[in-house]
Each structure stands twice: as C-alpha cells, then as structure tokens.
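no letters, just coordinates:
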C-alpha cells in the first residue's frame with residue numbers, strides 16, 4: 001500500500017482548499033504541502049464573485065492573480081424599483097484557480113483524481129488503498145449535513161453564453177427580480193465578461209432542495225430571448241444547491257464532520273448564511289492560517305474550530321435575516337429582499353461582507369412581522385447529505 005508524506009495535506013481542491021495552498025506557498029514556502037482533489041480539475045466548474053468591501057485591502061494579495069473581471073457598480077431591479085449602487089464587484093473562475101495553482105505549486109504538491117474515504121488529524125486513506133501521512137490534515141471538502149442546521153436552499157443554474165452581437169450590458173445586473181416568482185424568491189443575475197460574453201444565472205430561494213435543471217435552463221433561454229440576445233454558443237454551464245442557513249446547532253454540526261480534524265470552507269460552515277458566498281470567508285481563513293507559526297495537527301484543529309465558532313457567532317444577524325426570508329410565504333419573499341435593497345448602500349456592503357454594525361442589524365430586522373418569527377422556513381431541516389456545489 002503506497003504512502004505519501006507531507007507537512008500539510010489539504011483535502012479538497014476547490015476554492016477554500018486552493019486558497020489555503022496558495023497562501024501557504026506565498027507565506028510559508030518551507031512547508032511541504034499536498035493538495036488532494038477527487039476530480040481531474042482543481043476548482044470544479046464555478047464562478048465565484050465578491051463585492052470589493054468583502055475583502056480587506058490587506059488580504060487582496062491572495063486574489064490578485066485570480067480575478068478575471070472587475071466592475072465599478074452594479075444594478076438591481078424590482079417591480080417599481082431600480083437601483084445602481086457604485087460598489088465594486090469582482091469575479092474569479094475555477095479555470096483561473098486551476099491554472100494559478102498548477103503554476104504556483106510543484107507537480108508533486110498536487111494529487112488529482114484521488115477520492116478520499118477517511119480523514120484523520122494526521123492521516124488520509126484513499127479509495128485506491130493508498131494513504132497520506134501528514135503533520136496535519138485540513139479537510140476542505142464539501143459540506144455534509146445531517147439535520148444539524150435549519151433554513152432553506154439557494155438553487156441556481158448558470159450559463160456562460162457567447163452572443164452573436166454585443167449584448168449591451170456594461171456592468172453586472174446583480175438581481176433582476178422582475179421575472180416570474182417561482183419556487184420562492186427568484187431572480188436572474190447577468191455578468192458581462194466581454195461585449196459578447198455573458199453569464200446568465202437563474203436563482204431561487206426555496207424551501208426544497210430539488211433542482212429541475214432542464215426547466216431552469218429553459219427559463220434562462222427564454223430570458224435571453226426576451227432581452228434580445230441571440231446565442232452563438234453556450235461556452236459553459238454550472239449549477240448548485242446551497243444551504244441558506246437560518247439557525248441550528250453549531251457544536252453538533254462540527255462534531256458530525258469529525259472532531260480533532262482541522263476544517264475549512266463549507267466543511268467548517270465558513271460562508272455567508274443567506275447568500276452562500278464562500279470567497280470572503282475562504283480568503284480570511286487562508287490568510288490567517290498562513291500567518292501562524294504552529295502547524296501541528298492539534299494547533300490547526302483548535303484554530304479552525306475557534307475561527308469557525310467566532311464566524312458563526314458573528315453571522316447571527318444574517319441567519320435571522322434568512323429566517324425572516326424563509327418565514328415569509330414563498331410568493332411574498334421578494335418583498336423582503338426589495339426592502340433590503342432600499343437601505344443605505346454602506347449598510348448593504350457591510351451586510352454582504354458579514355460585518356454589520358449594531359445599528360445595521362436593527363435596521364435590517366426592524367419591522368418584521370410577528371408571524372414570520374415562527375415561519376415554516378425556520379423549521380426546515382437541511383438533511384440532504386453531501387452538498388459539494390459552491391456559490392457563484
């Protein structure tokens with residue numbers, strides 16, 4: 001049985017694991033890092049986006065090579081209401097992440113096509129019978145759920161299309177909520193990567209996790225037709241079903257994914273409870289980890305749990321807002337988001353960044369109906385096994 005050795009073994013080559021590997025390569029090059037991914041490609045098939053204020057300037061060094069497009073401002077559109085905040089917005093793609101990881105890490109530091117079946121603080125066992133012995137293991141695989149968390153689901157299908165003529169968008173249409181409201185709160189996102197390249201993503205905040213990809217794809221096609229966009233070809237398609245968390249037992253969640261093992265990304269519940277945005281949390285975790293001096297298995301496990309607990313506590317108001325959204329009747333949920341986007345721009349930025357002030361929390365949650373507090377969404381248990389999809 002073959003055995004590989006490393007100082008740090010990172011299990012999961014998605015965004016969270018990839019950013020940790022890049023941060024360690026930059027700040028701790030003396031460490032022997034091994035990045036393990038079950039697929040042949042690192043990063044999966046995703047577009048990750050973030051608002052400029054989501055990531056402090058001191059941490060931008062980790063993203064400089066990964067950003068493929070940036071915009072100054074975006075648009076949101078609701079029935080009878082439009083807004084164009086000046087907040088900057090950026091996108092990172094899995095293709096760029098895969099490329100930069102392979103350019104930065106030595107070939108021996110990347111192990112793809114290897115499915116992991118068992119993870120321990122210092123050891124990993126693989127499906128082919130091989131094992132990895134490490135000074136410390138960091139589990140950055142997808143989220144595993146067994147009823148510890150409550151809430152609903154953010155479901156999406158995105159298509160990257162090439163149009164025959166310029167589509168006319170110069171900045172993101174972050175949220176077009178004028179579309180028919182189906183399966184909860186629904187909106188369409190459009191990201192213009194070039195004059196003729198456009199990502200169209202159809203998203204719903206729903207009580208159930210079932211995703212009818214064919215139906216959503218037809219809606220995307222119809223949306224583009226209404227906008228007058230003639231499609232030359234579809235360059236890529238992605239989809240995902242992500243938990244939108246309104247509450248739960250963090251301690252039980254942490255135990256369910258293995259005590260004593262350092263965890264990162266969705267495995268550690270490090271994402272925005274409502275939007276599912278992983279990137280700001282992944283950057284913050286990777287930068288903080290790379291600044292450490294003690295990389296023993298015990299120290300990293302203690303650090304990751306303490307960090308995740310602190311982030312869970314900090315996100316309490318975002319979970320309450322998720323409860324407000326899912327507690328409303330499905331056909332009324334768009335009103336909750338409509339009201340949110342009428343608030344102060346800086347408040348919206350702080351909310352997305354996961355750093356609201358006390359006054360922000362009061363303002364966001366003010367005026368919520370009493371009936372909403374015990375709504376059906378807050379009682380929904382997230383029980384759908386391993387969710388490996390990541391947020392766009």
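Good, I have the coordinates. On a predicted model such as this, the values are computed, not experimentally measured, just so you know.

run through the stretch 51-200 of the chain and note the low-pLDDT ranges.
Counting by pLDDT under 70, the stretch 51-200 of the chain contains no low-confidence range.

can you give me the strands for it?
In the stretch 51-200 of the chain, the segments counted as strands under DSSP state E, counting those that start in this stretch are 67-72, 75-78, 81-83, 88-93, 110-111, 116-119, 123-126, 131-139, 143-145, 149-163, 173-176, 185-194, 197-206.

which of those strands sits closest to residue 287?
When those are compared by C-beta to C-beta, strand 131-139 sits nearest residue 287, at 14.4 Å. C-betas here are computed from N, CA, C, even on glycine.

check which residues of the closest one are buried.
Buried residues in strand 131-139, counted by 16 or more other C-beta atoms under 10 Å: 131, 132, 134, 135, 136, 137, 138, 139.

just to revisit the earlier point, and the strands of the stretch 51-200 of the chain: which comes nearest residue 44?
Minimum separation from residue 44 across these (C-beta to C-beta) falls at strand 88-93, 10.4 Å.

before we move on, back to that, can the strands of the stretch 51-200 of the chain go into CSV with extra columns for distance to residue 305?
Formatted as CSV, those follow (distance: least, C-beta to C-beta, whole Å):
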stretch, distance to residue 305
strand 67-72, 30
strand 75-78, 37
strand 81-83, 39
strand 88-93, 27
strand 110-111, 26
strand 116-119, 15
strand 123-126, 19
strand 131-139, 12
strand 143-145, 16
strand 149-163, 17
strand 173-176, 34
strand 185-194, 33
strand 197-206, 29
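
determine which two of the buried residues of strand 131-139 are furthest apart.
By the measure C-beta to C-beta, 131 and 138 form the most distant pair in those, at 16.5 Å.

after the longest helix anywhere in the chain comes which helix or strand?
Using DSSP state H, we find that the single longest helix of the chain is helix 297-314. Later in the chain than helix 297-314, the nearest helix or strand by DSSP states H and E is helix 316-327.

now the helix or strand just after that next one against strand 197-206, angle please.
With elements assigned by DSSP H and E, the helix or strand that comes after helix 316-327 is helix 333-340. Regarding helix 333-340 and strand 197-206, their directions subtend 110 degrees when assessed with axes from the mean of the first three to the mean of the last three C-alpha atoms, to 10 degrees.

which elements pack onto helix 333-340?
Counting contacts by 3 or more C-beta pairs under 8 Å, 6 or more residues apart in numbering; DSSP states H and E, helix 333-340 is packed against strand 75-78, strand 185-194, helix 316-327.

distance-wise, check the closest residue to residue 342 other than its chain neighbours relative to residue 275.
Counting by C-beta to C-beta, 6 or more residues apart in numbering, residue 342 lies nearest to residue 81, which is 7.0 Å off, once chain neighbours are set aside. Distance of residue 81 to residue 275, computed by C-beta to C-beta, to the nearest Å: 20 Å.
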